[in-house]
Each structure stands twice: as C-alpha cells, then as structure tokens.
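Asker: I'll drop the sequence and a predicted model, then ask my questions.
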Amino acid sequence: MQTMAMAFFFFFFFFWVASSLTDFTVITSDSSSPLVDAPQQGFSSHARTDDEEQRAVYEIMRATGNSWASSVQDVCRGRWHGIECMPDRNDVFHVVSLSFGALSLDTAFPVCDQLTSTLTPALVKLTHLRTLFFYQCSSLNPTLIPSFLSELAPSLKTLVLRENGHVGPIPADLSKLSNLKVLDLHGNKLSSFVPPSLASLSKLRMVDLSGNKLTGDVPRFGSAELRVVDLNGNDFHGQIPPEIGACRGLIKLDLSKNKLVGVIPSSVSELDQLILLDLSNNQLSGPFPGWLSSLKSLKTLVLSGNDMSSGTINGEAFNGMGRLTTLVLSDMGLHGPIPSSIGLLSSLRVLHLDGNSLRGPIPESFRCLSDLSELKVNDNQLTGPLPFSRKVMWRMGIKLRAANNKGLCYMAETAAEAAPPYLAGVPVCGHATAAAMVAAVPMASPGPVAAADKAPRLRRGG
C-alpha cells in the first residue's frame, strides 16, 4: 500500500502542476492587477526592477543561503529559474513568483541551506507576489510558519511550504489570504487544530495538509471551488463533516490515516466528479455504504482498515462504476459473499479484499476482469476455483495473494507453471476436492473389540 500511496501522490501532484500551471509558474491575466499582463517581447532600454523589491529579493536570497544573488545587478532582467517578474505601465518590473527547492531533476529552483534557511519578513515587500514556493528549505531548522505571510493577502494565490520543517500551529492569519487558490503544507511537523476560518477561503482550489501532526475536527470545507482536499497522515478525530458534500468540484478526497469515527456521511455521494476517495485506516464504522454507485467518475476507492463488520458488501454498491481501476477493501471485517457486480467493473486493475470474513466462491463474473493485474483475497473463508484465465493469472504473478482460504483452489491448466510459488497454500482444484472429501469423513476412534471385528479376515488355504 505504501507504493500505491506514493503513486497516488505523484499522480495528483503532477496532475496539478500540469493542469494548474497558472498557480505554480506561469502568470496569467488578472484584470484587477496594475501590472501589464500582455506577453513581453524582452526588456526595453529603460526597464528596471522596482528598487524596494530588488533589495527584498537580495535579503530573501541571503536568508535561504543564496547570497550569490546579490551580484545580479537587476533581478528581473537577469532572472534565474525560480523568479518571475511582470512590468507595470511605467515599465517597472515587479516580482510575481518566487520558488525554492529541488523538486525534481528537471526543476532547478535555487536550493536552500536547510540548516539556516528562514522565511524573512522581507517577503511582504513583494506586494505583487502571486506564487511563493518553498520545498525542503528549512528541514533542519524547524521554525513556525510566520503570521506576516498574511500581509501578502492582496496578491498571493499559491502558498507552498512543502516538507519545509515547520512546527507549531497553522497561523489563523493565513485565513486572511482571501485570493489563495493553492495551500500546500504537506510533510511538516505542524500540530494543534486547523483554524476553522481556513475553511472559509472561498477561492481555494487545492489544500494539502497531509503528513503532519494536526488534531481536532476535520475542517468544514464547503466550497464548490475545491478540487483537492488531502488531510491524510494526521491525528484528526471526530466524524467526517457532512458539509464536504457541498464541495461538488472535488476530484480527490484523502482523509486516510487519521482517527475518524462514525459512518461515512451520505453527502459524499454528491461528489460526482470525484476521481480518488481514500478513507482508509481510520475508525469508521458500518454499514457498508450503498450509495457508492453514484460516484460514476471514481477511479480509486480505498476504505481498508475500517471496521464495518456490521454488514455485508451491498451487491448494488458498484453498479455503473465502469471507470473504477483500484478497489481496496482490506481488513474491514466484511462477511458474506463477494458481490458479482465487482466482476462487472471492466476497468479494474487492482482489487484487495484480504483480511475479511468473506465466504463462498469467487463469482464467475470475475472472468470478465481481463485487465486485472493485482488481486488479494487471502485470509478469508472463500471456496471453489479461482475463475481466471491463464493470461490473467500469469500477469498477476506474485501480486496474486489467495492463501488462508480453506476451500479455495486453482485449475492446473490456468497456472503459468507447476506449483507456482505465488499460489503457495492454494491447492490444485482436484486435490482440493479430494482433501475436502477426506476431511468430511468422520474419524471417530473405534474401541478395541470393534476394531478387531472390523479387521480384515485372512482366508487360510487347505
């Protein structure tokens, strides 16, 4: 699951970089801005950087261990990768984007000195700043997120302080950033509760507070503008707020690895644009939600590690979910049969049903899962043959886990090799039938007289 989680992270992070470049590096038109948003054809002879902003950039660069920038005569004209500028109508250039950290080999933003880097108050001198991006800059110099960042409210749209070593609470003053669209505080050591006012940022499209030590209730987000809410890996408790159903534009909702309780609110069924829903490893309870079929856009559903032993899997829960590629329902205390409707999910590639109390055969409809590449049904009470073709069995290989089901078996002709190691503990179907018949014969121990009476008699010759 760790590999899967990393895949989810990279998919959605780079999805946002690709689809929301305006929030990260490319500056687009803003009708309320005093800056000239038209494409620039180089610099005129009298173009220059605003003097106060130039001094501020020098100080910001020094505070991150990049003193070399002080030798750049004009930071906008001689700009490096990681700084973007735009002119006003007097041909004075202003800094609109600052980025730091080696996000990837292809993204060569200035690298910070992790032992000494800080966020300096000089940042507020950049009164036209729209994007502020710090990645792994002060990881070895833990600091609070400074409240003075709220003074960037008129212009700031993207605030990324990712894996930056920040500690303490999220400042309530960040809720003054009324134009903020992206808030990414992933992978710090932030603690305490999230200021309730943060949920009132009406223009917010992406919020990632994952991988911290935040506690208290889940913020009551309710904006239709939101596309991504990621709060995984914290200590949030209480119930999932029903207001989340008002975030009709959500494509990703990840509340996994917290301490959430209660049932999954039915308002989640209103999120008809949702692509990923991960509520795993909480303390959520049943019954198993029957409204999942309303999430027609869903591709990844992960509910594992929640005790829903109060019921079975609703047979109609997955009707019409033809886009679903990943379904993870491990360790949920589920019982009863596996619904045949799962076998009709033609796009399914990853299916985890392990660690439950599921009974009966794997439905014949599973033969239709021609794209399946990973299956875990181990540690259940399943019976009968694995209903997959030789090609699907070969593709799954070691990603097929079916052990610890006393009645489950595989057809010898479907295995890619004799006694494949990935089917250890799963017998060939003929052998399984014979073993079951032997196990069904009463084995009462006869008394000595009865044993003698039933002993075979030898006929003597002559």
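Answerer: Looks like it came in fine. Numbering: from 1, shown residues only.

Asker: use CA for all of it now, contacts and neighbours both
Answerer: OK.

Asker: What separation is there between Pro87 and Trp80?
Answerer: Per Cα to Cα, to the nearest Å, Pro87 is found 17 Å from Trp80.

Asker: So if I had to pick from the two, which one is more boxed in?
Answerer: Pro87 (23 against 14; other Cα atoms under 10 Å).

Asker: which residues in the stretch 351-462 of the chain form strands?
Answerer: 357-361, 374-376, 381-385, 400-401, 407-409 (DSSP state E, counting those that start in this stretch).

Asker: ok, now the stretch 201-350 of the chain?
Answerer: According to DSSP E, counting those that start in this stretch, the strands that the stretch 201-350 of the chain contains are 206-208, 213-216, 228-230, 235-238, 252-254, 259-262, 276-278, 283-284, 300-302, 326-328, 335-336, 350-352.

Asker: Can you tell me which of these has the worst average pLDDT?
Answerer: The minimum mean pLDDT among those belongs to strand 335-336 (a mean of 94).

Asker: how far is that one from where the chain is centred?
Answerer: 28 Å (Cα atoms, centre = their mean, to the nearest Å).

Asker: picking that back up, relative to Ala108, which of the strands of the stretch 201-350 of the chain is closest?
Answerer: Smallest distance to Ala108 across these (Cα to Cα): 23.0 Å, for strand 206-208.

Asker: who touches that closest one?
Answerer: Residues from elsewhere that reach strand 206-208 (Cα atoms under 8 Å, 6 or more residues apart in numbering): Lys181, Val182, Leu183, Asp184, Leu185, His186, Leu226, Arg227, Val228, Val229, Asp230, Leu231.

Asker: Now distance to Pro142 and neighbour count too, for these, in CSV please.
Answerer: Below are the contacts of strand 206-208 laid out as CSV (distance: Cα to Cα, whole Å; neighbours: other Cα atoms under 10 Å):
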residue, distance to Pro142, neighbour count
Lys181, 26, 20
Val182, 23, 24
Leu183, 19, 20
Asp184, 17, 19
Leu185, 14, 26
His186, 14, 24
Leu226, 30, 24
Arg227, 30, 20
Val228, 27, 24
Val229, 25, 22
Asp230, 23, 20
Leu231, 21, 24
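
Asker: ok, Leu345 touching Gly322?
Answerer: Yes - with contact defined as Cα atoms under 8 Å, Leu345 reaches Gly322; the gap is 5.3 Å.

Asker: So the two - more neighbours on which side?
Answerer: Leu345 (23 against 17).

Asker: From Leu382, how far off is that one?
Answerer: Counting by Cα to Cα, the gap from Leu345 to Leu382 is 20 Å.

Asker: for Asp115, what are its contacts?
Answerer: Small correction: residue 115 is Leu, not Asp. Counted by Cα under 8 Å, 6+ apart, Leu115 has contacts Ser138, Ser139, Leu140, Asn141.

Asker: again, only using 7 Å
Answerer: For Leu115, the contact set (Cα atoms under 7 Å, 6 or more residues apart in numbering) comprises Ser138, Leu140, Asn141.

Asker: Closest to Arg162 out of these?
Answerer: Checking those against Arg162 by Cα to Cα gives Ser138 as the nearest, at 10.1 Å.

Asker: if you skip the residues just before and after it, what's nearest to the closest one?
Answerer: Closest residue to Ser138 apart from its sequence neighbours, by Cα to Cα, 6 or more residues apart in numbering: Gln114 at 4.4 Å.

Asker: With Ile170 as the reference, measure out to the one you found.
Answerer: Taking Cα to Cα, one finds Gln114 at 21 Å from Ile170.

Asker: higher neighbour count, these two?
Answerer: Neighbours per residue (other Cα under 10 Å) separate Gln114 from Ile170, with Ile170 holding more: 23 against 19.

Asker: shouldn't that one be in contact with Val194?
Answerer: Yes - using Cα atoms under 7 Å, Ile170 is in contact with Val194, at 6.4 Å.

Asker: just for this protein, where's the confidence low?
Answerer: For the chain, the stretches with pLDDT under 70 are 1-32, 37-45, 105-107, 310, 416, 418, 431-462.

Asker: mind giving me the domain split of it?
Answerer: 43-120, 142-284, 300-438 (automatic domain parsing).

Asker: Need the winner for burial among the strands of the stretch 351-462 of the chain.
Answerer: Stretch with highest mean neighbour count among these: strand 407-409 (a mean of 24; mean count of other Cα atoms under 10 Å).

Asker: Name the residues that touch it?
Answerer: Leu382, Thr383, Gly384, Pro385, Leu386, Val426, Pro427, Val428, Cys429, Ala432.

Asker: how about TSV for the residues you listed, with distance to Leu292 added?
Answerer: Below are the contacts of strand 407-409 laid out as TSV (distance: Cα to Cα, whole Å):
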residue	distance to Leu292
Leu382	24
Thr383	27
Gly384	28
Pro385	29
Leu386	26
Val426	32
Pro427	35
Val428	36
Cys429	35
Ala432	36
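
Asker: farthest pair in those?
Answerer: For the contacts of strand 407-409, and using Cα to Cα, no pair is farther apart than Leu382 and Val428, which are 14.7 Å apart.

Asker: Partner strands of the lengthiest strand in the chain and their direction?
Answerer: With secondary structure taken from DSSP state E, the chain has its longest strand at strand 92-100. In the sheet, strand 92-100 lines up against strand 48-49 (parallel), strand 83-87 (antiparallel), strand 131-135 (parallel) (DSSP bridges).

Asker: now the helices for the chain?
Answerer: Under the criterion DSSP state H, the chain contains helices at 2-19, 51-63, 390-396, 429-440, 448-453.

Asker: give the contact list for Val263.
Answerer: Leu284, Ser285, Gly286.

Asker: Nearest residue to Thr49 in space, please, no chain neighbours.
Answerer: Nearest non-adjacent residue to Thr49, counting by Cα to Cα, 6+ apart: Phe93, 4.5 Å away.

Asker: who's that neighbour bridged to?
Answerer: Bridge pairing for Phe93 - DSSP bridges - gives Thr49, Pro87.

Asker: ok, now the one 4 residues further on?
Answerer: Counting by DSSP bridges, Ser97 is bridged to Glu84, Thr131.

Asker: and it, how many residues sit next to it?
Answerer: 24.

Asker: was I right about it contacting Glu84?
Answerer: Yes - Ser97 is within contact range of Glu84, at 4.9 Å (criterion: Cα under 7 Å).

Asker: and the residue lying closest to Thr143 once chain neighbours are set aside, what does it touch?
Answerer: In space, and not counting its chain neighbours, Thr143 is closest to His166: 5.0 Å by Cα to Cα, 6+ apart. Residues in contact with His166 (Cα under 7 Å, 6+ apart) are Pro142, Thr143, Leu144, Ile145, Asn188, Lys189, Leu190.

Asker: Report the separation between Ser139 and Ser191.
Answerer: Distance from Ser139 to Ser191, counting by Cα to Cα: 16 Å.
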